[in-house]
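S.K.: fold the following, please.
(one chain, ligands or ions: 1)
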Amino acid sequence: MTNPQPGLVRPTVTERDAEQIARSCYGIDATAQELGSNQDRNFLLIESTGARSVLRIDHPVFEDASRDAQHLALDAYADAGIPVARVLAGPDGALTQRWQGLAVRRSEFAAGEPMLDCGYLAPTVIEEFGALAAASVNALATLSHPGLDRAHMWDMRVAHDQVVALASSITDAHLRRYVLDAASEANDLLEPLRQALPVQAIHGDLTDDNVMGVRGEDSRLHPATVLDFGDLSYGWRIAELAVTISSLLHHEPDRPLRVIRAVEAFHRQRSLEIAEARALWPLVVLRSALLVASAHRQLEIDRENAYAESRLAGERAMLEAATAHPPAEVIELVLAALGFQGVPHGAGLKPVAPPAPMDRSIQAPPLRSLIPDLDGGIVTLDPGVESAALHSGFWLEDDAEDRLAAAALADGAAAVVIPYGVFRLTRAEIDTADAARTWPSFTELVVAPGPALRVSIPELQPGPWRVAIDGASNGVLEESDAPRRLRIAILRADAPPGAEQFCFVQPDLVPAWGRFTHDPAAILGLESLTQHDASQDELLRRERIFASAQERYYERPMQIERGWRHHLIDTTARSYVDMVNNVTALGHGHPGVADAVNRQIRILNTNSRFLYRELAEYSERLLALLPDEAREPDAERGALDTVLLVNSGSEAVDLALRLAQAATGRKTVIALREAYHGWTMASDAVTTSAYDNPFALENRPEWIHIADVPNRFRGTYRGDAEEASIGRRYAEDLGADLERLAGSGREVAGFICESVLGNAGGVLLPAGYLVDAYRRVRDAGGLCIADEVQVGFGRLGTSFWGFEQAGVIPDIITIAKPMGNGFPIGGVITSKRVADALATQGQFFASTGGNPLSCRVGLAVLDAMEAEGLQQNARDVGARLKAGFERLADRHPIIGPVHGEGLYLGIELVRDRTTMEPAAAEAAAICERLRELGVIVLTTSERSNVLKIKPPLCLTSASADFVVRQLDRVLTEGW
Ligand code: PMP
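M.R.: Numbers count the residues shown, from 1 in each chain. Below you'll find the model as predicted:
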């Protein structure tokens, strides 16, 4: 190897020269546009036919042998199926041409979009980069050629020397120090590994800048064609991955650990050796330091190099991201991700007592070895996600842990143990894009007030572990009249410094800290309660048992085990704002509902054939919610005075259809296109959404007639909300349907629709439609059914019922979802005349429908809705949210119409606002990223391109603003 070549100035070649080269060397007339390069020159050639190719003029330092090796590498890639831009021969057949002594080559133009500027990278895209790096080393594994044996500054084997040599060009002393320190620390970690790292031919610059992306069906940019083999040479195999990974860091610099997905993907295709796994992150740091140092040198000697200038900010972001965590921490994460043991876990530990029995509460005095004079019982607290003690939002209190501990001490415990490794709900934070630090790497003891106590540090066998204690100076727990805290950690010798601070760890760092620390339970004689995120196991377990038709959210779902108000919390105590659960209208974990269940289920729960008070009480309350005119009979319909209770929306719809048929003595039911009404045979018959059932329009039973859906954004007639003519035209079409049906002997029994098109994402019906439609249906002798399962019950804010918005009173109303706040309750409200017709069909009885328990729950829900002003909150926070989304629409063209009212909103995403082409793949990807940022939003509508917003009605303004900010971030940075 010869000496590396730092700081080369690009050869002087202008665009005019490039055009001349194209003519003289390749016989083509083309215009040339310069493309960026640090040390060479690249030009885009465009011929008059539009044909494109790329001209490269190498820096003279490159030898023909290097170029020949590159051509072999291109062949190897192509053989391995990796897309490349082939070198195009000149008229004489040679791949390399000469111009004024410079070596010139022309390559195919790689179609696609640069990956460099595409912002956020989705996990799948990160994995594809890792897989590409593995494909590269696999393709080049057996390549050998003298041209590969060249010395150059980007060879990671000389990276540290290069940083040191180039750093003098960094004028900012602070930055220079930073770069040198980072490089030196990384080099120290690398030093003992150098000899163990395999060497082979590598591309050496497989970065986001040298890979063209193509847009996938999921709307994301995916890495495809590999460019620029200028750094091809022998090098460390692991350097290929390190270079790739460092180039991914600037895409989301505040979350560098996301790139570990690329390491896992690489490892699946090309197993890494343990030395490589350990070397990876130091190399990432070195590469980033080298890029920053080199950019400064390049600008020093080549001030005109706008390319180097423009790259510098990204390169600094890369270095900051690479050094955001102590290298030891990331190395350990990589080892854990790849399944390498590192230091044998638990080596040298000798429990002083056998593990305690499984009883998690009171245990025999186990801490004698630590606090020999401790006298009394020990209680273990559960601060975890499923802790019963933390109900009703108690976990949000700042002093929740102290109060739980104090209560246990007041009950007579001598000390309270808060265990190591249990994700603490008490440490969860709400409305945050980043997961909170919830996992303690230590055991905590809260010791009752009292005299000073000796603390004796337990002895460990010689080995990598040591015990650290916080809270007892000189082996004494000071006398105090307040509870005293003692923290015990078992640390691995090479644990990074944070460990000294007895840290709480963010969930994504737990795989590392679970290895740097050991559960002190083993030496304290306590039961080990350590948790790791087991969501992937839970996913497999579910997939084994569930039918494929049973839907599940998210590509890699989190495991949710706690809800409170409009927040859901996963097993790592990471919180999410729940923007989709319209069933828990009061919010998750509502104490009023919990108390009602708890009380009633202990007293009585029987069936509605018995006489008990609750059924009538609840039914009367429901009827009282109707508008006054609904409770009065009019010329066309009877008073809505009868309630039938069932257990779900599907049952309610099913029953409503039977009622309509029984009361009219007819069969035919009209349903709108693109609707969802339930899964039972009858409610499914009126479910016409092709999204839920692709065969919906073909296989309706003969008693169903499907009418056009009056969607003024996408339907047959489109236009402004106030345009009465649109509603009229849809209603006229419905009238024509009714006439045709009558003409063919299919007299109509009923007409069912949602009062706001819920399944479409909250699209409000065109003005006048429902009044007109109901009149025509009634004139034809049919009954009008309003499905209020989604949009009723206060959600719209300005009115309790959806049908009130349209100015109609239905004959039959179906309700369900929010009635029980998650407890299964459904119901039908209608007139006595319609209800009594059911008798012609035999008895009606639902074993659990309307039982005392569900009625009590229903009453508790209505009480809470009133007491907490939830309908008003839906109106106010809903308006704030909608205004926020509409403001985003000013800046983000992907947002089309924002539908809905109150807390039933839909953000329709479109690729083009004029054609309204649905952005369905984008919508799905946006939901995935929002979840990473702590927001649960999912898609709805026939085209799956509407973000549905139907949170618990207790949503706060703070959470609403948080959600708008996160959506803004996703739409700005990408998905
Ligand atoms: N009607 C409508 C409008 C609905 O949205 C749903 C459920 N999404 C149902 C009926 C069926 O309700 P359930 O899931 O409780 O059976």
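
S.K.: next, count neighbours for the residue in the stretch 1-150 of the chain that the ligand sits nearest to.
M.R.: Residue nearest to the ligand within the stretch 1-150 of the chain: A122 (28.6 Å; C-beta to the nearest ligand atom). Glycine gets a C-beta too; all of them are placed from N, C-alpha and C. Using other C-beta atoms under 10 Å, A122 has 24 neighbouring residues.

S.K.: for it, which non-adjacent residue is spatially closest?
M.R.: Excluding the flanking residues, the one nearest A122 by C-beta to C-beta, 6 or more residues apart in numbering is R220, at 5.4 Å.

S.K.: isn't the one you found right up against P123?
M.R.: No - using C-beta atoms under 8 Å, R220 is not in contact with P123, being 10.4 Å away.

S.K.: neighbour-wise, which of these two wins?
M.R.: More crowded of R220 and P123, by other C-beta under 10 Å: R220, with 22 against 16.

S.K.: circling back to that earlier point, quick one, what contacts the residue of the stretch 1-150 of the chain closest to the ligand?
M.R.: The contact partners of A122, by C-beta atoms under 8 Å, 6 or more residues apart in numbering, come to R220, A925, E928, R929, W975.

S.K.: state the phi and psi torsions of A32.
M.R.: Backbone torsions of A32, given as degrees, to the nearest 10, read phi -110, psi 140.

S.K.: what distance do you get for it to V54?
M.R.: Using C-beta to C-beta, to the nearest Å, A32 is found at 10 Å from V54.

S.K.: again with Q39
M.R.: On the measure of C-beta to C-beta, Q39 and V54 end up 16 Å apart.

S.K.: about what we covered before: next one, pLDDT for the residue of the stretch 1-150 of the chain closest to the ligand please.
M.R.: We have a pLDDT of 97 for A122.

S.K.: ok, now how distant is E942 from D912?
M.R.: 18 Å.

S.K.: what about those two, which has more around it?
M.R.: E942 (24 against 12).

S.K.: what sits closest to V179 if chain neighbours are left out?
M.R.: Spatial nearest neighbour of V179, chain neighbours left out: A289 (4.9 Å); criterion: C-beta to C-beta, 6+ apart.

S.K.: give me the element that neighbour is part of.
M.R.: Per DSSP states H and E, A289 falls inside helix 274-301.

S.K.: by contact count, what packs against that helix?
M.R.: Helices and strands touching helix 274-301, as assessed by 3 or more C-beta pairs under 8 Å, 6 or more residues apart in numbering; DSSP states H and E, comprise helix 159-166, helix 173-190, strand 233-236, helix 237-248, helix 306-322, helix 327-338.

S.K.: now the fifth one: average pLDDT?
M.R.: When you say that, I think you mean helix 306-322. What helix 306-322 shows for mean pLDDT is 90.

S.K.: cool, and the shortest one?
M.R.: Confidence over strand 233-236 (mean pLDDT, whole number) is 98.

S.K.: which other residues reach it?
M.R.: Here strand 233-236 makes contact (C-beta under 8 Å, 6+ apart) with 66, 69, 148-150, 152, 155-157, 197-202, 204, 276, 279, 283.
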